[in-house]
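Undergrad: Next one to model:
(chains A and B)
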Amino acid sequence: QKEVEQNSGPLSVPEGAIASLNCTYSDRVSQSFFWYRQYSGKSPELIMSIYSNGDKEDGRFTAQLNKASQYVSLLIRDSQPSDSATYLCAVRGAQKLVFGQGTRLTINP
Amino acid sequence: DTGVSQDPRHKITKRGQNVTFRCDPISEHNRLYWYRQTLGQGPEFLTYFQNEAQLEKSRLLSDRFSAERPKGSFSTLEIQRTEQGDSAMYLCASSSQQGRAGANVLTFGAGSRLTVL
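TA: Predicted structure coming up:
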């Protein structure tokens, strides 16, 4: 079992709709969770961090964490074509950040 | 400070040659990470420094790979006797310890893309 798993997609969502991205992790003691966005040919950039169970909202983005189910999700409201990218879920282990394989998201105008 | 800098951005080399990548982290960051990313995959952890100490190395880091951070500032990643399977984007990231429960936010450089012919 991979430490961090995501559906690789591609996920296609119409402009203005809600995009939902999911991630599961295997290490129960993980405490810190991150979503990074990566445009093609570019390096990852941080979108959201979440440390406690529940929801965390930042503009059009909402991160959700459920430690009991070992599940993290990212919702993007009012999706825009500029949101088209690969979204990487990352979970902090003892020292390092472990990434999932990423979900490729395409927003269709 | 303009963020994490990596050099060179692109490197094309022949199989068997040695290559070296350099990373200059954000100046106040004491932690530095190297990751490798291939097409369609997420970044894979290679190694991690806190100041000048190399604290963790991945099994992916074979004996052909070596990383240093001699003065706790910039870092180098050297690959000896390159193989075609080494072709990838090599990403450097830095962080400072902050936030809850030792959470760190990694800031990535633009990456160094290696192509081994």
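
Undergrad: What is the burial count for residue 51?
TA: Looking at chain A here, since you left the chain open. Neighbourhood size, residue A:51 [other Cβ atoms under 10 Å in any protein chain shown]: 16. In short, each C-beta sits where N, CA and C put it, glycine included.

Undergrad: my bad, chain B
TA: Burial of residue B:51, expressed as a neighbour count using other Cβ under 10 Å, amounts to 12.

Undergrad: Residue B:39 now?
TA: Using other Cβ under 10 Å as the criterion, residue B:39 is surrounded by 7 other residues.

Undergrad: With residue B:2 instead?
TA: For residue B:2, using other Cβ under 10 Å, the count is 6.

Undergrad: Mind listing the residues bridging to the residue of chain A found nearest chain B?
TA: Of the residues in chain A, the one nearest chain B is residue A:99, at a distance of 3.6 Å by Cβ to the nearest Cβ. Judged by DSSP bridges, the bridge partners of residue A:99 are residue A:90.

Undergrad: How about the contacts made by it?
TA: Shown here is residue A:99, whose contacts under the criterion Cβ atoms under 8 Å, 6 or more residues apart in numbering or on different chains are A:4, A:36, A:88-90, B:35, B:42-44.

Undergrad: could you list every residue that touches the nearest residue to residue B:4 once chain neighbours are set aside?
TA: For residue B:4, the nearest residue in space outside its immediate sequence neighbours is residue B:109; the separation is 3.6 Å by Cβ to Cβ, 6 or more residues apart in numbering or on different chains. Residue B:109 is in contact with A:43, B:3-6, B:23, B:91-93, counting by Cβ under 8 Å, 6+ apart.

Undergrad: now do residue A:8
TA: Applying Cβ under 8 Å, 6+ apart, the residues contacting residue A:8 are A:101-104, B:40.

Undergrad: make it 7 Å
TA: Residues counted as contacts of residue A:8 (Cβ atoms under 7 Å, 6 or more residues apart in numbering or on different chains) are A:101-104.

Undergrad: In CSV, list the residues you listed along with secondary structure.
TA: Converted to CSV, the contacts of residue A:8 look like this (DSSP: H, G, I helix; E, B strand; the rest coil):
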residue, secondary structure
A:101, coil
A:102, coil
A:103, strand
A:104, strand
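
Undergrad: For chain B, tell me which of these show up nearby.
TA: A:101-102 (Cβ under 7 Å from any Cβ of the partner chain).

Undergrad: Which of the contacts of residue A:8 has the largest number of neighbours?
TA: residue A:102 (26 neighbours).

Undergrad: ok, how many other residues are close to the closest residue to that residue other than its chain neighbours?
TA: With Cβ to Cβ, 6+ apart as the criterion, residue A:102 has its nearest non-adjacent residue at 4.3 Å, and that residue is residue A:86. Neighbours of residue A:86 under the rule other Cβ under 10 Å: 22.

Undergrad: What of residue A:108?
TA: Residues contacting residue A:108 under the criterion other Cβ under 10 Å number 11.

Undergrad: Assign a three-state SS to residue A:8, would you?
TA: Judged by three-state DSSP, the three-state class of residue A:8 is coil.

Undergrad: Nothing else from me, thank you.
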